[in-house]
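Undergrad: How does the following fold in three dimensions:
(2 chains)
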Amino acid sequence: MKRFVARHVASLPKSGIRDFFEIVAKMKDVVSLGIGEPDFDTPWAIREAAIYALEKGKTHYTSNLGLIELRRAISRYVDSHYGVDYRPDDEVIVTVGVSEAIDLALRALLNPGDKVLYHQPCYVSYHPSVTLAHGIGLPVPTRAEDGFALNVADIERAWQPGCKVLMMNLPCNPTGGTCDLPRLEAIARFAVEKDLIILSDEIYSELVYDGVHTSIASLPGLKERTLFLHGFSKAFAMTGFRIGYACGPAELIDAMMKVHQYSMLCAPILSQEAAIEALAHGEDSVKAMREQYHRRRDLVVRRFNAAGLACGAPGGAFYAFPSVASTGLNDRDFAYGLLESQRVAVVPGTAFGENGRGYVRASFATGYDQLSEACDRIERFVNAAVPCPEPSSS
Amino acid sequence: MNPVLKLLLEGGNLSTAQLATISGLTEAEVAAHLDQLKRERVLLGWRPVLDLSREASAAVRAVIEVRITPERGGGFNRLAERLSRFDEVESCYLMSGGYDLLIFVTGPSLQRVASFVSEKLATLEGVISTSTHFMLRSYKEGGFLIETGAPESGRLKVSP
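TA: Prediction:
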């Protein structure tokens, strides 16, 4: 049957995380630091809003762009939190998670063969999404020594004629990397110079622990060339609701809407109703969850370094990305070995691209006690893996 | 009664080590008792007792009497459980008498408590009426008297 599968789909590798998690799923007593979603359930008031909407018979299609009340709420939220003002009528589209927003944006923007710059390590879907939209992905490396921030010099090196889009995810899954203002400004200047459209996936932007998050869309002259992509999954712990949005210039939102209306039609109405409640009253819950993630981040970073795994403090998101070089193992062997002998699941860095080689992703979206237990086990594993120096004979 | 629970209820602010010394158990035994109490959901959690008028982030508190329609099969439970899950709700009791549920609510401002009542509580199918009473002042909190200072003991230092 293979001959029927489209070439660009056949060429895609299966997600590196999948086969690893098949093994994890079959094991008992595993402490998993491999999960890319909050361990918190959606705050009750948000869940209750969805139940209430269901009771009231809100079971119909919505406008393709999404409920206007939600788009108004999104517009107010983005203005007050990111300092960018979008018109709810034609500059905001509600999508089925940021994943759909990325897909819509790429399909709306790319002609076959257009090139897309994206930083790597990155979320597993970035390269495949570009390929599925018939584009060509060009990875830009980020490095541990500068906290996995995105540097314009690396973008310049990766740039080729035919580049149309720059995709960014700051704070970053899997590295937790963020960008300071001077770096962002340099990237902005480069984008203007090369006439690039920026896809800015800011799904983790509420979860920033050091300093403040700045959206590249808020820099002078960048609103016109940026699609600001955001959603409710991470900050409001609403992954299963599958609800996100894109804000940007009306012509681009309109183009994305065309793809959306012929594929998804609209985001589920119950999720949209829940999202309205999240924006209206959910901020206290976001703050409470952020404080917990912050404490957990400090715990895992301290413990990883103490165990001998070099790990910078991630500026945002809920992932630590320690190097496993000190163990003499590669990331894959480390992850499989750790799972086998200590029953702790972390994701090999190469699942997030070639530049993740030698690192593993450890999610701290897990209870403090479990994290503490995982750190104990990792320490035991590292101690067993690292050959002790021979005691010098006296 | 569980010896550890008895000591806890006497209100002393005791560490596990102190609990062990007083009850004559080992620390591990005390910890095992505490674990068991938590597992059996007798001990639900720990909370400090505060004089909220002195706490900087003073909260607004209200007691709400709610009349609801009981349902076949579940009686008052489904609605009571649904209401109980809101963060604003501190406690929720099924009552005998003129109303069905008594709900203790806390919020950062009068407005927030009011919006909880008018938008969340009163709008629910099955809620017949609500009657909200805002708390003005607290004289005793969780067994502790408020604003009376340490009582002067009238006892003599030495007595025959």
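
Undergrad: With adjacent residues omitted, what lies nearest to A:L181?
TA: A:T214 (5.8 Å; C-beta to C-beta, 6 or more residues apart in numbering or on different chains). C-betas here are computed from N, CA, C, even on glycine.

Undergrad: isn't the one you found right up against A:L184?
TA: Yes. Between A:T214 and A:L184 there is a contact under C-beta atoms under 8 Å: 6.0 Å.

Undergrad: quick one, which of the two is more surrounded?
TA: Taking other C-beta atoms under 10 Å in any protein chain shown, A:T214 and A:L184 do not tie; A:L184 has more neighbours (23 against 20).

Undergrad: tell me what the host helix or strand of that one is packed against?
TA: Using DSSP states H and E, A:L184 falls within helix A:181-193. Packing partners of helix A:181-193 (3 or more C-beta pairs under 8 Å, 6 or more residues apart in numbering or on different chains; DSSP states H and E): helix A:152-158, strand A:163-169.

Undergrad: mind listing the helices for the stretch 51-200 of chain A?
TA: A:68-82, A:97-109, A:126-132, A:152-158, A:181-193 (DSSP state H, counting those that start in this stretch).

Undergrad: Could you pull up the residues touching the closest residue to A:G221 other than its chain neighbours?
TA: Nearest residue to A:G221, sequence neighbours excluded (C-beta to C-beta, 6+ apart): A:V192, at 6.2 Å. Each residue near A:V192 by C-beta atoms under 8 Å, 6 or more residues apart in numbering or on different chains is listed here: A:G221, A:L222, A:R225.

Undergrad: Quick check, pLDDT for A:V192.
TA: For A:V192, the pLDDT comes out at 97.

Undergrad: Narrow the contacts of A:V192 to those in strands?
TA: In strands, judged by DSSP state E, none of these are found.

Undergrad: What is the nearest of those residues to chain B?
TA: Taking C-beta to the nearest C-beta as the measure, chain B lies nearest A:L222 of the contacts of A:V192, at 35.8 Å.

Undergrad: wait, doesn't the closest one sit right on A:I216?
TA: Yes. A:L222 lies in contact with A:I216 (C-beta under 8 Å); the separation is 5.6 Å.

Undergrad: Overlap in contacts, the two.
TA: Shared contacts of A:L222 and A:I216, counting by C-beta under 8 Å, 6+ apart, come down to A:A188, A:I198.

Undergrad: and B:E90, what helix or strand is that in?
TA: B:E90 belongs to strand B:89-94, assigned by DSSP H and E.

Undergrad: Other residues contacting whichever helix or strand comes after that strand?
TA: Downstream of strand B:89-94, the first helix or strand assigned by DSSP H and E is strand B:101-107. Contacts of strand B:101-107 with the rest of the structure, by C-beta under 8 Å, 6+ apart, involve B:59-66, B:68, B:76, B:79-80, B:83, B:88-95, B:113, B:116-117, B:121.

Undergrad: Distance from strand B:101-107 to the middle of the chain?
TA: 10 Å (C-alpha atoms, centre = their mean, to the nearest Å).

Undergrad: Starting from it, tell me which strands it pairs with and how they run.
TA: Here strand B:101-107 has these sheet partners by DSSP bridges: strand B:60-68 (antiparallel), strand B:89-94 (antiparallel).

Undergrad: what's downstream of it, the next helix or strand?
TA: With elements assigned by DSSP H and E, the helix or strand that comes after strand B:101-107 is helix B:110-115.

Undergrad: Which residues outside the following helix or strand past that next one are in contact with it?
TA: Counting by DSSP H and E, the next helix or strand C-terminal to helix B:110-115 is strand B:127-134. Contact partners of strand B:127-134, identified using C-beta under 8 Å, 6+ apart, comprise B:60-69, B:79, B:99, B:110, B:113-114, B:117, B:121-122.

Undergrad: Okay, angle between strand B:127-134 and strand B:101-107 too, please.
TA: For strand B:127-134 against strand B:101-107, the angle by axes from the mean of the first three to the mean of the last three C-alpha atoms, to 10 degrees is 50 degrees.

Undergrad: Within its sheet, name the partner strands of strand B:127-134 and how each one runs.
TA: strand B:60-68 (antiparallel).

Undergrad: Show me what counts as buried in the partner strand.
TA: Neighbour-count burial for strand B:60-68, counted by 16 or more other C-beta atoms under 10 Å in any protein chain shown, picks out B:V60, B:R61, B:A62, B:I64, B:E65, B:V66, B:I68.

Undergrad: Was I right to think the first one contacts B:F116?
TA: No. Distance between B:V60 and B:F116: 10.5 Å, which falls outside the contact criterion (C-beta under 8 Å).

Undergrad: domains for chain B, by residue range?
TA: B:3-39, B:60-136 (automatic domain parsing).

Undergrad: Pull the distance from the shortest one to the chain's centre.
TA: Taking C-alpha atoms, centre = their mean, one finds domain B:3-39 lying 21 Å from the centre of the chain it belongs to.
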